[in-house]
Structure formats: C-alpha cells, structure tokens
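Visitor: Have a look at this prediction, sequence included:
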Amino acid sequence: MEITRRRLLLLLPAAAVAWKYIQAGTPEAAPNYKLGEHWWGMLIDIPKCIGCGSCVRACSAENDVPDGYFRTWIERYHVPDWAIERPEVESPNGGKDGFPPNQSTGKNFFVPKLCNHCADSPCTQVCPVGATFVSPDGVVLVDKNYCLGCRYCVQACPYGCRFINPKTNTAEKCTLCYHRITKGLTTACAEVCPTGARQLADLKNPNDPIHEFLKTHSVQVLKPHMATGAKVFYNGMDGSVR
Amino acid sequence: MTAIIVAEGDTRYQKTLRVVGRNSHETRGSSVFKDTEHLIRLAVVLALGVVAFVGLRAAVVPKSFGQYGHYRGAAIGEIAARPIGHAGHEVCEGCHTDVVEQKKLGRHVVVPCEACHGPQAKHADDRATIKPPKLDTAVVCSRCHEANSAKPKTFPQVATADHAQGIACGTCHQPHHPKIEEAAESKPAAKPATGGKK
C-alpha cells in the first residue's frame, strides 16, 4: 500500500490509539488461577515474631511503598502488669530498622500488622466510586486508576491499614501480594520471615495447613467486636493488643 | 367524556360545547390529546435524552465494571500483572545447592535466602549481569540476633556491643552455618574465638 498524505493522516490517530494500548500492556493472566477457588487470609504466630523487620523491608521493596508509609508494620508492645488495659505501643519507622532496647520488666512482645482483608470490610463499603473492593478470592484491593483519593476508606479502616500514596494521590494498602499469590507464590512478607511467624493461608483449599492450625490452636482476629470478618488470624495474641 | 355526558339530551349545552371546541382543540386534529405536536416534541427530547445517557454511560463506564461487583473487574488482572520482586527461596535453591548443603548443617536451614539477601527476582532472571551485593554481617545478623526483651526467650540473642566489640559477625561465624564447632565443644554460646572458621 502506498502511503499517501491522506492515508498517513488516517493512520496517525489509529496508531496513537494502538500505542496507548501497547503502553498499558496486556495484563498477564496467571495461568490456571481461578478466582472462585481461593479465599485468602493470613496466619500470624505472635510468639514466633522476633521483630527483625524483614517483612516490612520486603513489603516496601516488593511493592514500591513510599518511605514513611507502610502496608505492613511491626508494633512492639510493653504491657506493665499493673496496666493490662493500657499497653505502651511503639513502631519506630514501622519496625523497618528493628527496635531499640527496651524495658525488661512487664510483658514485651511484637505484633506484626497488615490489612486484615476483611470479608465485610468497612473500607470498601464507604468508597463512593467503586474503586476499592473485595475480590472474589477474598483480597481487599484498590483500583488505582479509579480511585479519586477522597480518603473515606482511609478513615473507615478500623485497623489503620490504608494511606494516600503521596505520588499518585490515591489510596494504597496491602494487596496480600496479589501479584505473587495469583502466580502460586507466597506473599513477600511471609517469604522472608525467618521464623515462620507469617503464613499465607488459603481458607478454601482443604489441604492448606491453616485448617489444622485453626482447629488445634486458640486464635483471634483484631477487633472482633467490629464484625469486619477479618481474615488475618493471630495465634498467641495478648488481650492488650489493639 | 364528562362533557358529553353532561351534554346528553340537552342541545343547548351541545351547541355551546361545539362552539368552545371549534375555538380551541377540536380544529387541530386529535380528539384524545390536545396540542399533540408539543407532546411529540417532548417525547423526542426524552428519547434523545435516554439515548444520550445510554450512549455516554457506555462510553464512560469501563467495560468490565460490574463484572464481579460494583468495581472494575479488569483491575484484578492489572493488580495481578505486577512483576514480582522476591524470587522465593525455591528459585535460589535451584542453583545455589552448595549453600543449601551448608544450611542443612545448622539452624539457619529455616531462614529463607531473601530474608538477608533482599529481593533477588532480577538476579534470578539475569544471573550474568545482576549480582546481589555483598552483605555486611555486622548489620544483617544483628537485625535478628540483637538482644531485645520483646523477642521470644528461646530465640538466640546477643548484645552485639558486648559480644563482638565491633567485630563483624562474619569474622567468626559462617552466616549459612553459624554455629562455631570448635568453640561449641568447650563452651556453648561462646565468645568469638579468634581464628574461628569463616
């Protein structure tokens, strides 16, 4: 075909449209991954956590989390025996650089935190545009191309798991490493945990060890009174944990 | 209708009605509605509005919106398409079999590679050009083993300032197999033995 001026003028807009799609990339569908066959959660074994901060560093690197913001973080609790209801909680830089020495009196322990991927999540209910949602496999996600950055979800989350990314000005949160779990890998935080304090759990998979663990251990979720349907289960959690 | 019933049997009223009718709607065609062209115009405007709404909505709302719920279904695929950063210890172990053997000898067998070495998916993809940086054992080891009262009591911890006096842990301990055999024979959890195996 000879390229005449007329044909070039017709081709240019078509090429511009095509280029837009090329740049956007075709989302690679994970092979053999079926949304309806999974229901993701996580198990956190508090007595195993050593507060090394590996999970926080791994999460930041894996997901390009901006400095000073955290999709997961570690809290250190200091509970004096006379103030069980009023624990002292600290999380310097999210526990990314470890923790300074602390008092040896009272009860001291680490609690890793992340999005609880609630089945009845308050954050998705308040979104005015449908930019955040619980996916069919039970992961609370944010569609950053649809989010307005109105911050309703940030204040609705009772666990403080959301923030506004200062670069994109959209809501951001733990995706339970959705790009990894759909490829058959575990989350970055669970991958690097040196003591196995974090374990990804597929509640719909009958062969997942989570079922045996839940049957044989006393586990708890955070803020059960809020009836959020949280799916991050904590083993050995002290009553002082908020 | 009512007017006709009222007018029945009374020619005087009929006449009056015809007169009124002639002056207003009766001359303009339809007997059911008056001012039909106004109604047609309204219907056309409404129909155009509906068409415009449906057309605009189809153009503005993404195709996959509502596929699974009140959100853009394609977003799930977009989020899942992100490239991974951590290769996973199984990938590392595929090549670094010597390290796997070393780790089997000690308690660090359970520690995944990327806990210390950081995300290495890029290295796994391109082993020739992307090399993981050398680690500073003085920093890396203390992240886990620096004494802290909040750590589980059974977890091996040291106050590095007292234990090593500023010497990097790797001087005495082999990170993949950290137990020092010679020292362990005489005294468990010993002070760093000079000339300990690296």
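Guide: Arrived safely.
Visitor: Please name the nearest non-neighbouring residue to the most centrally placed residue in chain B.
Guide: By Cα atoms, centre = their mean, chain B has its centre lying nearest to B:Ile79, at 5.4 Å. Among residues not flanking B:Ile79 along the chain, A:Tyr178 sits closest, at 5.0 Å (Cβ to Cβ, 6 or more residues apart in numbering or on different chains). All C-beta atoms are positioned from the backbone trio N, CA, C, and that covers glycine.
Visitor: Now for the one you found, how many residues are close by?
Guide: Each residue near A:Tyr178 was counted by other Cβ atoms under 10 Å in any protein chain shown, and the total is 23.
Visitor: For it, report the pLDDT, please.
Guide: pLDDT recorded at A:Tyr178 is 97.
Visitor: need the contact list for it.
Guide: A:Ser135, A:Val139, A:Leu141, B:Ile76, B:Ile79, B:Ala80, B:Arg82 (Cβ atoms under 8 Å, 6 or more residues apart in numbering or on different chains).
Visitor: Can you tell me which of these are buried?
Guide: A:Ser135, A:Val139, A:Leu141, B:Ile76, B:Ile79, B:Ala80, B:Arg82 (16 or more other Cβ atoms under 10 Å in any protein chain shown).
Visitor: Name all residues that make contact with the first one.
Guide: If you count contacts by Cβ under 8 Å, 6+ apart, A:Ser135 has them with A:Leu35, A:Leu141, A:Tyr178, B:Tyr68, B:Ile76.
Visitor: Give me the pLDDT value at it.
Guide: So, for A:Ser135, pLDDT stands at 96.
Visitor: A helix includes A:Ala18, no?
Guide: Yes: per DSSP: H, G, I helix; E, B strand; the rest coil, A:Ala18 lies within a helix segment.
Visitor: Please tell me how far it sits from chain B.
Guide: As defined by Cβ to the nearest Cβ, to the nearest Å, A:Ala18 lies at a distance of 18 Å from chain B.
Visitor: tally of neighbours for that residue?
Guide: 11.
Visitor: any idea how far it is from A:Leu11?
Guide: Going from A:Ala18 to A:Leu11 by Cβ to Cβ, to the nearest Å gives 10 Å.
Visitor: Same question for A:Asn165.
Guide: 38 Å.
Visitor: More neighbours: the two, which one.
Guide: Counted by other Cβ under 10 Å, A:Asn165 and A:Leu11 do not tie: A:Asn165 has more neighbours, with 18 against 13.
Visitor: quick revisit: ok, the contacts of A:Ser135 vs B:Cys92, which is closest?
Guide: A:Tyr178 (22.8 Å; Cβ to Cβ).
Visitor: The residue nearest to the centre of chain B: what secondary structure?
Guide: Under three-state DSSP, B:Ile79 falls in the helix class.
Visitor: ok, now which ones touch it?
Guide: Counted by Cβ under 8 Å, 6+ apart, B:Ile79 has contacts A:Leu141, A:Asp143, A:Thr175, A:Tyr178, A:His179.
Visitor: Can you pick out the most distant pair from these?
Guide: A:Asp143 and A:His179 (14.4 Å).
Visitor: Just the terminal-to-terminal distance for stretch A:165-185.
Guide: Length of stretch A:165-185, first residue to last, Cα to Cα, to the nearest Å: 26 Å.
Visitor: Return the set of buried residues in that stretch.
Guide: For stretch A:165-185, the neighbour count (16+ other Cβ under 10 Å) marks A:165, A:170-182, A:185 as buried.
Visitor: which residues in the chain form helices?
Guide: Let's take chain A. A:5-24, A:54-63, A:122-126, A:152-156, A:178-181, A:188-192, A:210-216 (DSSP state H).
Visitor: if you could check chain B rather than the one you did, that'd help
Guide: According to DSSP H, the helices that chain B contains are B:2-7, B:11-23, B:36-60, B:74-80, B:89-95, B:97-104, B:113-117, B:121-125, B:137-145, B:160-164, B:181-186.
Visitor: how about those helices in TSV, adding mean pLDDT?
Guide: Formatted as TSV, those follow (pLDDT from 0 to 100):
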stretch	mean pLDDT
helix B:2-7	46
helix B:11-23	48
helix B:36-60	95
helix B:74-80	96
helix B:89-95	94
helix B:97-104	94
helix B:113-117	95
helix B:121-125	94
helix B:137-145	92
helix B:160-164	89
helix B:181-186	53
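Visitor: Out of those helices, flag the one nearest A:Lys204.
Guide: Of all those, helix B:74-80 sits nearest to A:Lys204, with 16.6 Å by Cβ to Cβ.
Visitor: quick one: pLDDT of the residue nearest the centre of chain A?
Guide: Centroid-nearest residue in chain A, with Cα atoms, centre = their mean: A:Cys174, separated by 2.2 Å. For A:Cys174, the pLDDT comes out at 97.
Visitor: residues in contact with the residue nearest to it when sequence neighbours are not counted?
Guide: Counting by Cβ to Cβ, 6+ apart, A:Cys115 is the residue found nearest to A:Cys174 once chain neighbours are left out, at 3.8 Å. Going by Cβ under 8 Å, 6+ apart, A:Cys115 touches A:Arg71, A:Val140, A:Cys157, A:Tyr159, A:Cys161, A:Arg162, A:Lys173, A:Cys174, A:Leu176, A:Val232.
Visitor: Repeat the analysis, applying 6 Å as the threshold.
Guide: A:Cys115 makes contact with A:Cys161, A:Lys173, A:Cys174, according to Cβ atoms under 6 Å, 6 or more residues apart in numbering or on different chains.
Visitor: wait, which of these is closest to B:Ala87?
Guide: Nearest member of these to B:Ala87, counting by Cβ to Cβ, is A:Cys174, at 20.5 Å.
Visitor: thought that closest one was touching A:Pro112?
Guide: No: if you go by Cβ atoms under 6 Å, A:Cys174 and A:Pro112 don't touch, sitting 11.3 Å apart.
Visitor: didn't A:Gly95 look like it was pressed against A:Glu75?
Guide: No: between A:Gly95 and A:Glu75 there is no contact under Cβ under 6 Å: 7.3 Å.
Visitor: who's more crowded, those two?
Guide: Set A:Gly95 next to A:Glu75 and count neighbours by other Cβ under 10 Å: A:Gly95 wins out with 27 against 19.
Visitor: Tell me what the closest residue to that one other than its chain neighbours is bridged to.
Guide: Once flanking residues are discounted, A:Gly95 sits nearest to A:Ile74: 3.2 Å by Cβ to Cβ, 6+ apart. Counting by DSSP bridges, A:Ile74 is bridged to A:Pro112.
Visitor: check contacts around A:Ile74.
Guide: A:Gly51, A:Gly95, A:Phe110, A:Pro112.
Visitor: B:Gly49 now?
Guide: No contacts exist for B:Gly49 under Cβ under 6 Å, 6+ apart.
Visitor: what's the neighbour count on A:Val219?
Guide: Based on other Cβ under 10 Å, the number of other residues close to A:Val219 is 17.
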